[in-house]
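J.: All I have is the shape, not the residue letters:
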Ligand code: G1P
């Protein structure tokens, strides 16, 4: 079954990016002319998803504003001949459906995703953490395929040096990687001590989950850091059902901190037809 809904948790305070996030949610910071959030949405749409469920916070009304249709602005753009731009604005929440739900207290990623349950319903769904920009839909599309063929949940993973694993969820593989980069998962652990980590494969913020994840999420007890951890819900799934990771070498940017945001802006700028040439010229000039 094609996954139809993507959950995008966007309720965090963005403390790694203060004071910039004091008034503007980091998900709306521009990368080129797009808010970072739209780039993540486009990734989901490119993988065949047509319903975006953003989990926001009442402290961040600008997120819901982004999805509000502004007929006056669209009309002005049309009248002044900026039809392409008008079309882009018109497509927001029209060509695909957007639902904004709210997480009232910061109780962890598992809790945030759980807030989307009613909006998604009882079917498989994707989760995309918007701090991570992947640059294309290929990984998510592959994960959808693996979910459909195995009937179990699928997470995205990358291989990192051992001393970095303590900041992430880590998988405990049950076998070897196949030629497509797919590996069976026996267990997962959230932010282990690197010395105890079961592998160097970390979770990178893309998930395709079967509907039974909702039950595991609803049953979560506080885990690492006292928070309701999504990883713990997945761990319960992996213990009783097929569960796989797709290990890739995607160029991943953590836009939740200033350096990652800058590198993402540059890398995506270098593939943007309007920005590529002048940006390249500027970078070359810096090297001299
Ligand atoms: C979350 C997840 C973690 C995952 C990470 C990816 O952690 O809990 O398993 O590896 O995202 O970015 P956070 O970064 O929210 O602490």
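T.: Thanks, I have it. The structure displayed is predicted, hence computed values, not measured ones.
J.: Roughly how far does the nearest residue to residue 275 once chain neighbours are set aside sit from the ligand?
T.: In this structure, residue 275 finds its nearest non-sequential neighbour in residue 269, 4.5 Å apart by CB to CB, 6 or more residues apart in numbering. Placement of C-beta: from N, CA and C, glycine included. Relative to the ligand, residue 269 is positioned 23 Å away (CB to the nearest ligand atom, to the nearest Å).
J.: Buried residues, the helix or strand hosting residue 88. List them.
T.: Using DSSP states H and E, residue 88 falls within helix 83-91. Buried residues in helix 83-91, counting neighbours by 16 or more other CB atoms under 10 Å, are found at 86, 89-90.
J.: what does stretch 30-44 give?
T.: 31, 34-41, 43-44.
J.: Need the distance between the two termini of it.
T.: The first and final residues of stretch 30-44 sit 18 Å from each other (CA to CA, to the nearest Å).
J.: I'd like the average pLDDT over that stretch.
T.: The average of the pLDDT scores along stretch 30-44 is 94.
J.: Mind listing residues that contact it?
T.: 6, 8, 10, 26-29, 52, 54, 63, 66, 92, 96, 126, 128, 130, 133-134, 136-137, 140, 255, 261, 264-265, 268-269, 272, 275 (CB atoms under 8 Å, 6 or more residues apart in numbering).
J.: quick one: it near the ligand?
T.: No. No part of stretch 30-44 sits close enough to the ligand to count as contact by CB under 6 Å from any ligand atom; the gap is at least 12.7 Å.
J.: residue contacts, the residue of the chain found nearest the ligand?
T.: Here the residue of the chain nearest the ligand is residue 169; by CB to the nearest ligand atom that distance is 2.5 Å. The neighbourhood of residue 169, defined by CB under 8 Å, 6+ apart, consists of 155, 188-191, 202-203, 229-231, 234.
J.: let's go with 7 Å and repeat that
T.: Contact partners of residue 169, counting by CB atoms under 7 Å, 6 or more residues apart in numbering, are 188, 190, 202-203, 231.
J.: do the same with residue 52
T.: Residues near residue 52 by CB under 7 Å, 6+ apart: 6, 8, 41, 44, 96, 98.
J.: Restricted to helices, list the contacts of residue 169.
T.: residue 231 (DSSP state H).
J.: Just put the buried residues of helix 83-91 in TSV and tack on distance to residue 173 and pLDDT.
T.: Output for those, formatted as TSV (distance: CB to CB, whole Å; pLDDT from 0 to 100):
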residue	distance to residue 173	pLDDT
86	49	95
89	45	93
90	45	93
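J.: any chance of the residues you listed in a markdown table, plus distance to the ligand?
T.: Converted to a markdown table, the buried residues of helix 83-91 look like this (distance: CB to the nearest ligand atom, whole Å):
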| residue | distance to the ligand |
| --- | --- |
| 86 | 35 |
| 89 | 30 |
| 90 | 33 |
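J.: Many thanks, I have nothing further to ask.
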